[in-house]
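1. Provided below are the primary sequence and the corresponding predicted coordinates.
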Amino acid sequence: MSRNFSQKWIYWLMRLTTYFVVFVVGFIVLDIVWRGAGAINVEFLFSMPRRSGAEGGIWPAIVGTLLLVAGSIVLAFPFGVATAIYLSEYAEHGRFTRTIRIATSTLAGVPSIVFGLFGLGLFVIFLKLGCSIVSGCATLACMILPTIIVSSEEALRAVPQSLREGSLALGATKWQTIWSNVLPYSIGGMLTGLILAIGRVAGETAPILLTVAAFYLPRMPRSIFDQVMALPYHLYVLATQHPDTAAVRPKAYGTALVLLLLVLGMGLTAIITRIHFRKKYKW
Amino acid sequence: MKRTWKEKLIEKSLKWTATLSIVIVICIFIFIFKEAVPFAKKPGLGELFRIRWAPVSPLRESFGILPLVTGSVLVTALAMLLTIPFGVGSAVYISEVAAPWEREILKPFIEMLAGIPSVVIGFFGLMVLVPLVKSCFGLATGLTAFSGGLLLALMAIPTVTSISEDALRSVPRSYKEASLALGASRIRTIWRVTVPAALSGITAAVMLGAGRVIGETMAVMMVTGNAAVITFWPFESVRTMTATVAAEMGEVAFGSDHYRALFCIGIILLAAAFGLNVAAQKVLGRYRMGK
């Protein structure tokens, strides 16, 4: 009897721990939704900020974040997928493959602020691109490359071997097989990884702080060598750097909510994509 | 013949593309060292071991990074102290105790926490947690290492839970069945069989979580108060290495001693993250082999 009792007790303790974490996540999201919803309206979303963010909207920051996301994905996705194809379809066990894997996992573990320093050293100063959208996109692209490689490789490996064998047996070359019998079936998994990477890029602050983000720039970028505002940095500025942080609090909550919706929306899209493609192809 | 030629070309170009991540890693090391190394000549590496961080001073600048290192260590230690019980506890719950439907909901929910941007968590900390810490403990300010540790724990828990859960789940069923068949209770089986069998995976999870915590910047910068003092008391303001780089890089002159000192901090962060990552991969590798 006492054995059952202590078992129950421990189970409850673990259940409590887990649900406490769930509760905290829910609390954060609800707090931001609750207090941010009031600030959001058409003017807030689509107009320029005025008086260093105390009035007006966050339109340039939204545009900036979208530009950074698009740019970094365009740069990283082709390279990530190509690496994944190599690793999953061509690579043999050996030193070369092992080095690529070590490099990828190292890259995944580099702190974001170090990516910022790297971007500053390489793109901003050495390549003389300055604090610009190109520098920011390139830095972010390096940062999400491992995420894209890992998720694409998983997607490729999930395609059953028999599909490849069937195609090869009919006389198709290796690349023809990959192109027509492997890639189409792994696109769902790749998209899922891509969408998760988008969510991550949209929320990153430290790397763009050093390579692109403008403190306050109430206009649209003129070229890809211009600076832009970005949502996460704008939130940081409103929360801590603004001379009157109490007065801009509603704006800060609004910005936090837009950012949160963007990121969680991406996460949700990823889940839906995964379910959709899982239903479509069942092995 | 043309066909094989094309195939060869495709394979070669994919192979070259695959080297990109190696190239980036090498570039990261080169460009961070390149900007940091002149510091060793002037003012000299000894300067880094001073106990005062005062990079901008009318009298004499001092680039002692010791307060920043202790700040990072203190915040990381506090965060890990909370992360390990909560992260591993919920991993055990999700994989061993929870009903299947419960697991399907819990795991994505906790992983969602990993998706919340650190600046949003920092903002939440600043608005809700900091005033709470201040009033609960009767402090002059809530901007303390303790607040930072709490937020960082929140950011490390999903990493630790997710990887530990995978490790626990890949423990062969036969181990558990054998233990149950010998008359051990379920809790004893978890404690003496499942958890020890997954221990290397759990260790790796904790290391990766610690790597994430050390490198975290925005949340820490927003809630720890950024006072560069040497302390091991959680209810004081501290300044971490990451926050120093992020806060000061915007204001330094390129090529100045201060600028180089910040890159030196970058090397330390890179080395710490690299070390933890390699160690975690080693542990994971052993665990995969044992499977």
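-> Perfect, I can see it now.
2. and the stretch 51-200 of chain B, which residues reach chain A?
-> Contact residues (C-beta under 8 Å from any C-beta of the partner chain) of the stretch 51-200 of chain B with chain A: B:85-86, B:89-90, B:92-94, B:97-98, B:106, B:108-110, B:112-113, B:115-124, B:126-128, B:154, B:157, B:161, B:185-187. Where you see a C-beta, it was placed from the backbone N, CA and C, and this is true even at glycine.
3. residues near residue 237, how many?
-> All of this refers to chain A. Using other C-beta atoms under 10 Å in any protein chain shown, residue A:237 has 22 neighbouring residues.
4. right idea, wrong chain: chain B
-> Residues near residue B:237, counting by other C-beta under 10 Å: 22.
5. Next: residue B:179.
-> Neighbours of residue B:179 (other C-beta under 10 Å): 18.
6. Am I right that it is in a helix?
-> Yes: under DSSP: H, G, I helix; E, B strand; the rest coil, residue B:179 sits within a helix.
7. contacting residues for it?
-> B:188, B:189, B:192, B:193 (C-beta atoms under 8 Å, 6 or more residues apart in numbering or on different chains).
8. Which helix or strand contains residue 134?
-> Just going to use chain A. Using DSSP states H and E, residue A:134 sits in helix A:133-157.
9. sorry, should have said chain B
-> Taking DSSP H and E as the definition, one finds residue B:134 inside helix B:130-137.
10. now do residue A:128
-> Using DSSP H and E, no helix or strand contains residue A:128.
11. Quick check: the residue in the stretch 151-291 of chain B that chain A sits nearest to vs residue A:116, distance?
-> Using C-beta to the nearest C-beta, the closest approach of the stretch 151-291 of chain B to chain A is made by residue B:215 at 2.4 Å. Distance, residue B:215 to residue A:116, by C-beta to C-beta, to the nearest Å: 11 Å.
12. Between the two, tell me which one has more neighbours.
-> Shown here are residue B:215 and residue A:116; by other C-beta under 10 Å, residue A:116 has more neighbours (29 against 26).
13. ranges for the helices of the stretch 1-150 of chain B?
-> With DSSP state H, counting those that start in this stretch as the criterion, the stretch 1-150 of chain B has helices at B:2-18, B:20-36, B:38-39, B:66-92, B:100-115, B:118-124, B:130-137, B:145-169.
14. who does the fifth one touch, helix- and strand-wise?
-> Put plainly, it is helix B:100-115. With contacts taken as 3 or more C-beta pairs under 8 Å, 6 or more residues apart in numbering or on different chains; DSSP states H and E, helix B:100-115 sits against helix A:2-36, helix A:183-203, helix A:249-280, helix B:145-169.
15. Same question for the fourth one.
-> Packed against helix B:66-92, as judged by 3+ C-beta pairs under 8 Å, 6+ apart, are the following elements: helix A:2-36, strand B:53-54, helix B:145-169, helix B:199-215, helix B:241-248.
16. Partner strands of the lowest-mean-pLDDT helix or strand in chain A and their direction?
-> Within chain A, no helix or strand scores below strand A:55-56, which has a mean of 77 by mean pLDDT, DSSP states H and E. Strand pairing for strand A:55-56, determined by DSSP bridges: strand A:49-50 (antiparallel).
17. Show me what from the stretch 151-283 of chain A comes close to chain B.
-> A:173-175, A:196, A:199-200, A:202-206, A:209-210, A:232-233, A:235-236, A:239-240, A:249, A:252-253, A:256, A:259-260, A:263-264, A:266-267, A:271.
18. out of the residues you listed, which are buried?
-> When these are checked for burial by 16 or more other C-beta atoms under 10 Å in any protein chain shown, the buried set is A:174-175, A:196, A:199-200, A:202-206, A:209-210, A:232-233, A:235-236, A:239-240, A:249, A:252-253, A:256, A:259-260, A:263, A:266-267.
19. what sits against residue 168?
-> You didn't pick a chain, so chain A it is. Residue A:168 sits next to A:174, A:177 when contact means C-beta under 8 Å, 6+ apart.
20. please go with chain B instead
-> Contact partners of residue B:168, counting by C-beta under 8 Å, 6+ apart, are B:91, B:92, B:95, B:96, B:194, B:195, B:198, B:201, B:202.
21. Quick check: of the residues you listed, which lies closest to residue B:139?
-> Nearest to residue B:139, judged by C-beta to C-beta, of these is residue B:91 at 33.1 Å.
22. I'd assumed residue B:158 was in contact with the closest one.
-> No: here residue B:91 does not reach residue B:158: they are 10.5 Å apart, not a contact under C-beta atoms under 8 Å.
23. Ramachandran coordinates for the spatially closest residue to residue B:137 that is not a sequence neighbour?
-> Excluding the flanking residues, the one nearest residue B:137 by C-beta to C-beta, 6 or more residues apart in numbering or on different chains is residue B:235, at 6.0 Å. In terms of degrees, to the nearest 10, the main-chain angles of residue B:235 are phi -100, psi 30.
24. now residue B:235: how far from residue B:70?
-> From residue B:235 to residue B:70 the distance is 15 Å (C-beta to C-beta).
25. Name the nearest residue to the closest residue to chain B within the stretch 51-200 of chain A, sequence neighbours excluded.
-> Across the stretch 51-200 of chain A, no residue is closer to chain B than residue A:111, which sits at 2.4 Å (C-beta to the nearest C-beta). Take residue A:111 and drop its neighbours on the chain: the residue closest to it by C-beta to C-beta, 6+ apart is residue B:215, 2.4 Å away.
26. Am I right that the one you found is in contact with residue B:268?
-> No: Residue B:215 is beyond contact range of residue B:268, at 11.2 Å (criterion: C-beta under 8 Å).
27. Could you tell me which residues make contact with the residue of the stretch 151-291 of chain B closest to chain A?
-> Residue B:215 touches A:110, A:111, A:112, A:113, A:114, B:242, B:269, B:273, counting by C-beta under 8 Å, 6+ apart.
28. Let's see the PyMOL selection covering just the buried ones among the residues you listed.
-> Here is the PyMOL command that selects only those of these that count as buried (16+ other C-beta under 10 Å):
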select buried, (chain A and resi 110+111+112+113+114) or (chain B and resi 242+269+273)
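29. ok, and what's touching stretch B:31-51?
-> Residues contacting stretch B:31-51 (C-beta under 8 Å, 6+ apart): A:114, A:117-118, A:121-122, A:125-126, B:62-67, B:230, B:257, B:259-261, B:263-264, B:266-267, B:270.
30. do stretch A:258-271 as well
-> For stretch A:258-271, contacts defined as C-beta under 8 Å, 6+ apart pick out A:29, A:32-33, A:36, A:40, A:45, A:58, A:62, A:65, A:191-192, A:195-196, A:198-199, A:202-203, A:231-232, A:235, B:108, B:112, B:115-117, B:119-120.
31. if you set the cut-off to 6 Å instead, what comes out?
-> Here stretch A:258-271 makes contact (C-beta atoms under 6 Å, 6 or more residues apart in numbering or on different chains) with A:32, A:192, A:195, A:196, A:198, A:199, A:202, A:203, A:231, B:115, B:117, B:120.
32. repeat for stretch A:232-249
-> Outside stretch A:232-249, the residues that touch it by C-beta under 6 Å, 6+ apart are A:53-54, A:61, A:203, A:205, A:213, A:251-252, A:255-256, B:117, B:119, B:123, B:126, B:222.
33. repeat that for 7 Å
-> Under the criterion C-beta atoms under 7 Å, 6 or more residues apart in numbering or on different chains, residues A:52-54, A:58, A:61, A:203-205, A:208-209, A:213, A:215, A:251-252, A:255-256, A:259, B:117, B:119, B:123, B:126, B:218, B:222 lie in contact with stretch A:232-249.
34. mind saving the C-alpha coords of that stretch as CSV?
-> What follows is stretch A:232-249 as a C-alpha-only set of coordinates in CSV (Å, rounded to 0.1, in the frame of the first residue of the first chain):
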residue,chain,number,x,y,z
PRO,A,232,12.8,42.6,-32.1
TYR,A,233,15.3,45.4,-31.9
HIS,A,234,12.5,48.0,-31.9
LEU,A,235,10.9,46.1,-28.9
TYR,A,236,14.2,46.2,-27.1
VAL,A,237,14.6,49.9,-27.7
LEU,A,238,11.1,50.7,-26.6
ALA,A,239,11.5,48.5,-23.5
THR,A,240,14.8,49.7,-22.2
GLN,A,241,16.5,52.5,-24.3
HIS,A,242,13.6,54.9,-24.8
PRO,A,243,13.9,58.1,-22.6
ASP,A,244,10.3,57.6,-21.5
THR,A,245,9.8,53.9,-21.2
ALA,A,246,6.6,54.1,-19.1
ALA,A,247,4.8,56.2,-21.8
VAL,A,248,5.7,53.9,-24.7
ARG,A,249,4.7,50.7,-22.8
